[in-house]
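**Student:** Requesting a structural model of the entry that follows:
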Amino acid sequence: MTVENINIHQLLPNSEVNGPGKRFVVWLQGCPLNCPGCFNPLTHGSQGILMKISDLAKQINQTKDIRGLTLSGGEPLFQLDAIKQLIRLTDKRLDILLFSGYSWNEVVNDEAKKQVLQMVDAALLGRYNQKLSHPFRGKKLVLHGGRIKPEELKPWLSTEIVLSDGKVQITGLYKK
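**Tutor:** Numbering: from 1, shown residues only. You can find the predicted model right below:
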C-alpha cells in the first residue's frame, strides 16, 4: 500500500547521540503500547505533524554529513506503510536504526513488521522497562547486513541539548 503522509512528533537533522555517527532522527507520533515509565509519553497520542513522506525523504537525503537515519517514537511500527515508503525513498548510502517497543517475537510473527525489520540495518526491539538500569532498558539488539557493528551500539549514556527556533530539545540516553 502506498501512503502519502507520515505522522511526525519531531525531527532532528543532525544528532550525535541517537545511534552511531551523525544521524537524522525522526520521532514518529502515535504509540499503542503505553510502556510504564516511557521516557517519551508526548508521542503516544495522534496529534502530531502530518508530513508528506516524499518531502521528509528529500529533507533527509539533502542533509549533509550524516551517516544514517534513526527512527524512534512513539512507535515507528505503528505506521508500517509510511515507514516502508520512507525507507524506500531514503538514500541507500545511509544506514537505518530503528527503535521499537514491539518484541522480537511480535515483529517476526507479523509479516508487515518483519518486512520493515529486513529493510533496516539495526533495530532495538522490546518494551521499555524502567526498572532495568541498562541504558537500553530491556531492548534486544538485532543487526542486519553488517553496516552497523554491534560495538557501535554498546549502551551509551549521552545527552544532547539542541536550541532551535527558541525551543530547547534534550535527546539521547540519559538517566532520569
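**Student:** wait, what's in contact with the closest residue in space to Ile60 that isn't next to it in sequence?
**Tutor:** Taking C-beta to C-beta, 6 or more residues apart in numbering, and ignoring the residues beside it in sequence, Ile60 has Phe24 as its nearest neighbour in space, at 4.9 Å. C-beta coordinates here come from the backbone N, C-alpha and C atoms, glycine included. Neighbouring residues of Phe24 by C-beta atoms under 8 Å, 6 or more residues apart in numbering: 11-15, 59-60, 63, 66, 68-70, 94.
**Student:** Which of the residues you listed are buried? Put it as a PyMOL command.
**Tutor:** Only the buried members of the contacts of Phe24 enter the following PyMOL selection, criterion being 16 or more other C-beta atoms under 10 Å:
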select buried, resi 12+13+15+60+63+66+68+69+70+94
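**Student:** What ranges does the protein have for its helices?
**Tutor:** Using DSSP state H, the helices of the chain run over 53-62, 80-89, 104-108, 111-119.
**Student:** Just name the most buried of those.
**Tutor:** Per residue and on average, the most neighbours among these fall to helix 80-89, with a mean of 19 (mean count of other C-beta atoms under 10 Å).
**Student:** Off-centre distance for that one?
**Tutor:** Distance of helix 80-89 from the chain centroid (C-alpha atoms, centre = their mean, to the nearest Å) equals 13 Å.
**Student:** Which residues outside it are in contact with it?
**Tutor:** Around helix 80-89, the neighbours that count as contacts under C-beta under 8 Å, 6+ apart are 1-3, 5-7, 26, 28, 53-54, 56-57, 61, 71, 76-77, 96, 112-113, 115-116, 119-120.
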